[in-house]
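**Student:** structure here, sequence nowhere to be found:
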C-alpha cells in the first residue's frame, strides 16, 4: 500500500508509481473480470487489448499513451450510453463492472504518463504543471465510482485508495505552494462555514414556535427508545446538545466540519452530485456532477444571491469518501429492531443504517415529503427549520401522483388554500434544529426542511 503522502515531503513521482503498481496487481489476471464478456466480444476484446498494450507500452511514448487513453475513454463513453438504456435499479452488473474497470484502466494509463514526466522535484512549477492532470484523473474516476457503484473484487477499495492518495498529494502540494507565497491570500480558505451571526429574527424564532416539538432534557435509555419507536404512532422529539449522543463526533472536534479548510483537505477534488435549484419539485431543478471545491467556493463561501442555490442533498458521501465517515459515530439507537407496522412496513436493506449528507447554504429547502424509515437527523453545522405532520393526516397534505407519491403538492411557505383547502385543517409540529442537536423523525411523518444558515446535516435511517 502506498505510504501516506499527507506529510510534508518534496513533490515526487513515487506516489504515482506505487498507485500504478497497485493497479497492475489488480489486473494481474482476468479471473476477476470474466463476466465482462457479457458486454459483447468487441467491447471485451477492446478492453483486454488496451490493458495488454498499457502494460507493455513505454511511458515516454506520448503517441502510444494518447492512443491508449482514447481507447479507454471510448470504453467509458460506451458504458455510459449502455447504462442509460436501463432504469438505474435494473442496470446489469456486467455494464457497471465494465465501466468501473475501464475507469481504473484510464487512470492506469494516465499514471504511466505522469511517471514518465521528469522535472526538478523542488520547483513550484512542478506541482502547477501536474495539478490539473491529477484533478482530471480524479474527476473521471470519481464519476465512474458514483455511477457504477464500484462492483467487482477489490474495485471499490482500490479506487478509494487511488482517490484518497491523490487527494492527499494535491493537498500537500497546495500547502507547499501556499507556504512559498508571501501574499496574505493564503488565509482565504480559513472560513468557518457556520460562523455567520444569526439575525435577531432568527435568534428569537425558537421562542415563537406555535407548536414546538418536544425537547428531552437528557438522552433516554435504549429500552425507552425502542418502546417509543414501537408505539402505534411514535412522535418526534429532540435530543439536546450535550446529552452525549453526537457530542464526541470528530466532526465537532479535531476534524471540524465547520472548517472549509478541513473539508477541502479531505475532499477538494472529489466529484459529488449536486442539486441545482430551490427544491426538487421545481420545473427548473436539475442535478450536476461538481468538484467539491467548486461547490464550496461558489455556494458555501461566496453564497452569491443571483444564481440558483446548490445543495449536496441525500447523498451517501460516506460511502464515496470514507475519510468523512470516520468523522461520525453511529448512535446505538440506530441498531434497535423496531417492530413492523402500518407506517413502518419494511426495514432498511440488509438492516444497515442508511447514511446521507445534506450540505448547503442558507435557504436550501426539502419540500414536504415522507420517508419509510425511522430517522435520526443530526445537525453538525448551522441550524434548520422543520415542520412535521403525522402520516395520519396524509389526505390533508395532497400527495403527488406518479413517481413522487412521497412528496406533497403543498408549498409550505406559500400554501394555496384555495386549491388545497383541506390543508388548513392540518395539525403540525415544528422546531429549529440547532447545531449539536438530534431530531428523531418517525416513519412516514411528513416533514418540510429549510436551512436558516449554512448547514451540514447527517440523516441516519434505520
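**Tutor:** Yep, it's here. Note that the structure is a prediction, hence the values are computed from the model and not measured.
**Student:** in the strand or helix carrying residue 21, what counts as buried?
**Tutor:** Assigned by DSSP states H and E, residue 21 falls within helix 14-26. Counting neighbours by 16 or more other C-beta atoms under 10 Å, one finds that the buried residues in helix 14-26 are 15, 16, 18, 19, 20, 22, 23, 26. From N, CA and C alone the C-beta is placed, and that goes for glycine too.
**Student:** show me where pLDDT drops low in the stretch 101-250 of the chain?
**Tutor:** Along the stretch 101-250 of the chain, the model assigns pLDDT under 70 to residues 118-125, 182-191, 193-207.
**Student:** I'd like the mean pLDDT over stretch 56-66, please.
**Tutor:** Averaged across stretch 56-66, the pLDDT comes to 78.
**Student:** how about the helices in the protein?
**Tutor:** Under the criterion DSSP state H, the chain carries helices at the ranges 14-26, 41-56, 62-83, 93-116, 124-148, 155-180, 200-205, 222-229, 260-267, 292-295, 317-320, 322-325.
**Student:** pick the most buried one from those helices.
**Tutor:** helix 93-116 (a mean of 23; mean count of other C-beta atoms under 10 Å).
**Student:** for the helix holding residue 21, which outside residues touch it?
**Tutor:** Around helix 14-26, the neighbours that count as contacts under C-beta atoms under 8 Å, 6 or more residues apart in numbering are 1-3, 5, 32, 55, 104, 107-108, 111-112, 114-115, 154-155, 158, 161-162, 165-166, 169.
**Student:** cool, and stretch 414-426?
**Tutor:** 389, 393, 395, 396, 397, 398, 409, 410.
**Student:** what subset of the residues you listed is buried?
**Tutor:** The neighbour-count test (16+ other C-beta under 10 Å) marks 389, 393, 396, 397, 409, 410 as buried among the contacts of stretch 414-426.
**Student:** list the contacts for the second one?
**Tutor:** By C-beta under 8 Å, 6+ apart, the contact list for residue 393 reads 426, 427, 446.
**Student:** 10 Å - rerun?
**Tutor:** By C-beta atoms under 10 Å, 6 or more residues apart in numbering, residue 393 lies in contact with 422, 423, 425, 426, 427, 428, 445, 446.
**Student:** which of those residues sit farthest apart?
**Tutor:** Spanning the widest gap among the contacts of residue 393 are 422 and 445, at 18.0 Å by C-beta to C-beta.
**Student:** which of these two has more neighbours?
**Tutor:** residue 445 (22 against 12; other C-beta atoms under 10 Å).
**Student:** what about the nearest residue to the more buried one once chain neighbours are set aside, distance to residue 211?
**Tutor:** If the residues on either side of it in the chain are set aside, residue 445 comes closest to residue 388, at 5.3 Å by C-beta to C-beta, 6 or more residues apart in numbering. Residue 388 is 9 Å from residue 211, where distance means C-beta to C-beta, to the nearest Å.
**Student:** so what sits against both of those two?
**Tutor:** Residues touching both residue 388 and residue 211 by C-beta under 10 Å, 6+ apart: 428, 429, 430, 431.
**Student:** out of these, which comes closest to residue 297?
**Tutor:** Among these, and counting by C-beta to C-beta, the member closest to residue 297 is residue 431, at 31.3 Å.
**Student:** for the closest one, which non-adjacent residue is closest in space?
**Tutor:** The nearest residue in space to residue 431 (C-beta to C-beta, 6+ apart) is residue 213, at 4.2 Å.
**Student:** now do the contacts for the one you found.
**Tutor:** With contacts defined as C-beta under 10 Å, 6+ apart, the neighbours of residue 213 are 235-238, 386-388, 428-433, 439-441.
**Student:** mind redoing it with 7 Å?
**Tutor:** 236, 237, 238, 388, 429, 430, 431 (C-beta atoms under 7 Å, 6 or more residues apart in numbering).
**Student:** just give the number of residues close to the residue lying closest to the third one once chain neighbours are set aside.
**Tutor:** This means residue 238. Sequence neighbours aside, residue 215 is the residue nearest to residue 238 in space, at 4.6 Å (criterion: C-beta to C-beta, 6+ apart). Counted by other C-beta under 10 Å, the residues lying close to residue 215 total 13.
**Student:** still on that earlier bit, okay, the helices of the chain in TSV with distance to residue 339 next?
**Tutor:** As requested, the helices of the chain are arranged in TSV below (distance: least, C-beta to C-beta, whole Å):
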stretch	distance to residue 339
helix 14-26	45
helix 41-56	49
helix 62-83	39
helix 93-116	34
helix 124-148	35
helix 155-180	34
helix 200-205	36
helix 222-229	8
helix 260-267	39
helix 292-295	40
helix 317-320	28
helix 322-325	29
